[in-house]
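Visitor: Okay, predicted coordinates and the sequence, questions at the end:
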There are 2 protein chains.
Amino acid sequence: MSANPVLVEVVRGDAVESTHRGRAVIVRSSGETLWSVGDVNTLTYPRSSIKAFQALPMVASGAAKAFGFTPAELALTCASHNGEAMHTETALTMLAKLNLDEPALECGQHWPMQQQALVDLAWQQQTPGARHNNCSGKHAGMLALAQHMGWETRGYIEVDHPVQVAIRECIESCCDTRLEGMPIAPDGCSVPTWAMPLKNLALGFARFGDPDQLPAMYQQAAMQLYDAVVSEPMMVAGTGRYCSEVMAELKDRAFLKVGAEGVYIAAIPELNAGIAVKMDTGSAPAAETALTAILNRLGLPVSEMRRAPEIRNWNQRLTGHWRAVDDSFSSLSPLPRRG
Amino acid sequence: MSANPVLVEVVRGDAVESTHRGRAVIVRSSGETLWSVGDVNTLTYPRSSIKAFQALPMVASGAAKAFGFTPAELALTCASHNGEAMHTETALTMLAKLNLDEPALECGQHWPMQQQALVDLAWQQQTPGARHNNCSGKHAGMLALAQHMGWETRGYIEVDHPVQVAIRECIESCCDTRLEGMPIAPDGCSVPTWAMPLKNLALGFARFGDPDQLPAMYQQAAMQLYDAVVSEPMMVAGTGRYCSEVMAELKDRAFLKVGAEGVYIAAIPELNAGIAVKMDTGSAPAAETALTAILNRLGLPVSEMRRAPEIRNWNQRLTGHWRAVDDSFSSLSPLPRRG
């Protein structure tokens, strides 16, 4: 198999220090592939980029309405959050609406992803709980689905629990792909993650931003989740995070979501398009730099500082920068907008 | 330019999730290349892997003896440490021997690299100082050289300061390469880092482990630094770190040193050989996995658990593992030992 092209380079001084190969694809909600680079048929674990589809059955079931989830709470169900106070407090409020306590979350616990949130917690002489897990909002949503449907809440993370079965069926129908027989593994938070071709991931997210193309049962729920994340972008990741800040810049024009190991996806309703990026190298900043290059070429302007993010050292001296490799994106030009 | 081969894969479930290309070379202290994979002429920033050569002029000058530096202190001059108490206290002891205070260190400050050390510091309601910078021992050594030689200590990080000039000359003569005209940039701790071909980095470290091949002025100093790091391996990195733990496993058979952006080097005196690895992707765990594959094939046994390091999630469930790609290392077999 030939190597995927270099999409992003890390430059130090005048020399390229590291290179990030990868694959990326833009798919229309109709299923048409508009542009791609690298092998986009390779099976790819979406990891946390799939969270919107893990939240969809819960909203579609009526659980979100029954529990009175706010837009911030809905956005948190799609989040890989920093573990800042705004995130952990929202997760606890969701649990309170379910009449459940923190130990009901089966995601495991870790110190907040964001260093300042970690330091703040330690300064308060505390240790982290499951609410600080970057997936706590997603897990609260899964508990909501279980409880609303009258299913046993315990064990909701297991592959044969009705919650995960509902999610698998949702992903299959929205992304137009079969997951049975695909590679499967536990994700960081212990729910299953199934691999699929990258272009199916992009297709699913294209449809998410153009819900008429989704199965009827998910159409209203997708609109509700989309509106929630673009109105509460800080809930989806947090302070200083690419997803949150770029969504805030682009207003309601895009829904961006990171996944571990260099995955990024975006839904762009005005283009009826979905974008999926996977860096072979697993690098998140490389995926961000590649996605920035794509968004800018599509006419969704991401601020100048993100085009070649600076690398500064502990004395704040400029040591280098990230940059997208122009040749890998040169075939990409603005797409016709929704009529 | 053709792509370097994949040296290391990240596997999740049954599928490869990410791939790490790179280059590696083994060079004899005589200059003979014994084995290589990928393009090892590519200019490479050694980053922190060069620290032993940044300490060498200080020891060779007589400064280490004059200030009574212990083996632990000498090991810390070669370290990218975790910021654990053993490291920060040793850095402060070195400064006390110079009659200098923490602000004399010009490396900048950051929270300890190791999460537990960070949490411990925050639990004590403290914030980090320059002593917690992973390079603080190296900087204390640079201050020692300046003071011993009667040079101005302030500004010792600048490229034209006599300290950095002495280091550049040391690297050039030990690695048999010219640095003038090579790419140069500030490193994370603000001292200059020059790029050089990877094989010259390996050559320098081969000679470091076979000091008869070094310029006469550095021979004794290299022996002293080698003995210090292998007798105090925890000072070079710290708890849970690959360098420290593998050096402890291998006793005095190897000196291993990590550099940022996926660099690893090793000196193997019994083989008169130096190894240099650079992952194109900048990944440290990938570099460790590649180096493990090389060490094992050379007959330096690294424990089984390091051959395919497990990836476990927040619930300690096994999700995958790192693995070296056998084909990329299959041409490497045990080398004749020193007679």
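Guide: Right, received. Where do you want to start? Numbering: from 1, shown residues only, chains lettered A, B, ... in the order given.

Visitor: Could you look up the SS state of the closest residue to residue A:13 other than its chain neighbours?
Guide: Leaving aside its chain neighbours, residue A:13 sits nearest to residue B:185 (3.1 Å; criterion: Cβ to Cβ, 6 or more residues apart in numbering or on different chains). Yep, even glycine has a C-beta here, placed from its N, CA and C like the rest. Here residue B:185 is recorded as strand under DSSP: H, G, I helix; E, B strand; the rest coil.

Visitor: burial measure for residue B:185, as a count.
Guide: Counted with other Cβ atoms under 10 Å in any protein chain shown, residues neighbouring residue B:185 total 22.

Visitor: That one reaches residue A:320, doesn't it?
Guide: Yes - taking contacts as Cβ atoms under 8 Å, residue B:185 lies within contact range of residue A:320: 6.3 Å.

Visitor: Common neighbours of these two, please.
Guide: Shared contacts of residue B:185 and residue A:320, defined by Cβ atoms under 8 Å, 6 or more residues apart in numbering or on different chains, comprise A:12-13.

Visitor: and the stretch 201-339 of chain A, which of its residues are near chain B?
Guide: By Cβ under 8 Å from any Cβ of the partner chain, the residues of the stretch 201-339 of chain A that approach chain B are A:261-262, A:279-283, A:313-320.

Visitor: Generate a ChimeraX selection restricted to the buried entries among these.
Guide: Buried residues among those (16 or more other Cβ atoms under 10 Å in any protein chain shown), as a ChimeraX selection:
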select /A:261,262,279,280,281,282,283,313,314,315,317,319,320
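
Visitor: Residue A:204 touches residue A:173, doesn't it?
Guide: No - using Cβ under 8 Å, residue A:204 is not in contact with residue A:173; the gap is 9.2 Å.

Visitor: Was I right to think residue A:232 contacts residue A:75?
Guide: Yes - shown here, residue A:232 and residue A:75 form a contact pair, counting by Cβ under 8 Å, at 4.0 Å.

Visitor: ok, residue A:204 and residue A:173, which is more surrounded?
Guide: More neighbours surround residue A:204 than the other of residue A:204 and residue A:173, with 32 against 16 (other Cβ under 10 Å).

Visitor: Next, the contact list for the more buried one, please.
Guide: So residue A:204 contacts A:53, A:171, A:174-176, A:274 (Cβ under 8 Å, 6+ apart).

Visitor: Where does the stretch 201-339 of chain A get nearest to chain B, residue-wise?
Guide: Nearest residue of the stretch 201-339 of chain A to chain B (Cβ to the nearest Cβ) works out as residue A:314 at 2.7 Å.

Visitor: just so I have it, where are all the helices in chain A?
Guide: Taking DSSP state H as the test, the helices found in chain A are A:51-60, A:63-67, A:71-77, A:85-97, A:115-123, A:136-149, A:162-175, A:198-208, A:216-231, A:233-236, A:242-249, A:284-297, A:304-307, A:326-329.

Visitor: Need the contact partners of the third one.
Guide: Which is helix A:71-77. Contacts of helix A:71-77 (Cβ under 8 Å, 6+ apart): A:51, A:54-55, A:58-59, A:64, A:69, A:87, A:90-91, A:93-94, A:136-138, A:140-141, A:224-225, A:227-229, A:231-233, A:235-236.

Visitor: wait, doesn't residue A:21 sit right on residue A:3?
Guide: Yes - with contact defined as Cβ under 8 Å, residue A:21 reaches residue A:3; the gap is 6.0 Å.
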